[in-house]
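Trainee: Here is the input, now give the coordinates:
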Amino acid sequence: MKRCLDILGALFGLVLLSPVLLLFLVLIWAQDFHSPFYIAPRMRRRGQTFRMVKLRSMVKNADKIGGTKTSSTDPRITWVGSYLRRFKLDEFAQLWNVLVGDMSLVGPRPQVPQSVALYTEEEYHLFEVRPGMTDFSSIVFSDQGEILKGSEHPDLKYNQVIRPWKSRLGLFYVKNANVLLDLKLILLTIVAILSREKGLIGVQTILRQLNADPQLVQVASRKSPLLPFPPPGATGVEHRY
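Mentor: Reported below is the predicted structural model:
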């Protein structure tokens, strides 16, 4: 049932968004005459890799001249890319990955191999499902670029204050995954694009209904500062892939 939803949703999305995607493909190519696509390895089920597709929002070969995590003021972001990132339009190319079975519409966000190398044993349970275009953390940390803004070491800050909760939200999804939850998260993602506050309230409501840890619900409200916290399953020495 979930795979049918993925295929139908991906086809519908690609057809509906094709004019917008075509426009940005032309704009991205026109700014520097390089490929408008960014294709890079990401981790999926059973520790395998796949080639994830995005609309390119940064300069050519940006991954070779900087870290894997990006702040909102990263100089590698192009002027077209700033608009793509603001409205998450760069992610819509991943509908192709959903269509071919690499990803799902809903699931823990795919990570670069360098980040997965730091995962604990517990975090490896995130690979029990296909990675997704959206999930709880996509809404809760939709401002990831702003969180990392001004940091001299964005990769380090990501692992200290974002990854611990992003992984916990992903693991909570894996534990409670079903088609109804997927539909709710798809709708909430659309709501969050229009109103981040309503999106966060919706996430908290679902977490409470599913008896999530109160601390996880509190973090999902994003009303308190994010502080360094250990990732799930941390025992002092993190597992290396």
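
Trainee: Which helix or strand lies directly C-terminal to whichever helix in the chain runs longest?
Mentor: If you go by DSSP state H, the chain has its longest helix at helix 2-32. Next helix or strand after helix 2-32 toward the C-terminus (DSSP states H and E): strand 37-43.

Trainee: need the strands for this structure, in chain order.
Mentor: 37-43, 49-55, 104-106, 132-134 (DSSP state E).

Trainee: Let me know the average pLDDT across the second one.
Mentor: Here the mean pLDDT over strand 49-55 is 94, rounded to a whole number.

Trainee: Touching it from outside, list them.
Mentor: Residues outside strand 49-55 that contact it (Cβ atoms under 8 Å, 6 or more residues apart in numbering): 21, 24-25, 28, 36-44, 84, 89-94, 96-97, 102-103, 110, 113. For the C-beta atoms, the positions are set from N, CA and C on the backbone; glycine is no exception.

Trainee: ok, now with 7 Å
Mentor: 24, 28, 36-44, 84, 89-91, 93-94, 96-97, 102, 110, 113 (Cβ atoms under 7 Å, 6 or more residues apart in numbering).

Trainee: The strands of the chain: which one's closest to residue 68?
Mentor: strand 37-43 (9.5 Å; Cβ to Cβ).

Trainee: which stretches of this structure form helices?
Mentor: 2-32, 79-86, 95-100, 113-116, 136-140, 144-147, 154-157, 163-176, 179-194, 196-209, 214-221.

Trainee: With mean pLDDT added, can I get the ones you listed in CSV?
Mentor: Formatted as CSV, those follow (pLDDT from 0 to 100):
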stretch, mean pLDDT
helix 2-32, 94
helix 79-86, 85
helix 95-100, 96
helix 113-116, 88
helix 136-140, 97
helix 144-147, 90
helix 154-157, 91
helix 163-176, 97
helix 179-194, 95
helix 196-209, 97
helix 214-221, 97
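
Trainee: any idea which residue sits dead centre in this structure?
Mentor: residue 109 (4.1 Å; Cα atoms, centre = their mean).

Trainee: which parts of the longest helix of the chain are buried?
Mentor: Neighbour-count burial for helix 2-32 flags 2, 5, 6, 9, 10, 13, 14, 21, 24, 25, 27, 28 (criterion: 16 or more other Cβ atoms under 10 Å).

Trainee: what number of residues lie near residue 222?
Mentor: Applying other Cβ atoms under 10 Å, we find 19 residues neighbouring residue 222.

Trainee: ditto for residue 105
Mentor: As a burial measure, residue 105 scores 25 neighbours (other Cβ under 10 Å).

Trainee: That one reaches residue 187, doesn't it?
Mentor: No. Contact between residue 105 and residue 187 fails when scored by Cβ atoms under 7 Å: they sit 11.5 Å apart.

Trainee: so who does residue 173 touch?
Mentor: Residue 173 makes contact with 108, 135, 136, according to Cβ under 7 Å, 6+ apart.

Trainee: 10 Å - rerun?
Mentor: By Cβ atoms under 10 Å, 6 or more residues apart in numbering, the contact set of residue 173 is 106-108, 126, 129, 132, 135-137, 181-182, 185, 206, 210.

Trainee: Many thanks, have a good one.
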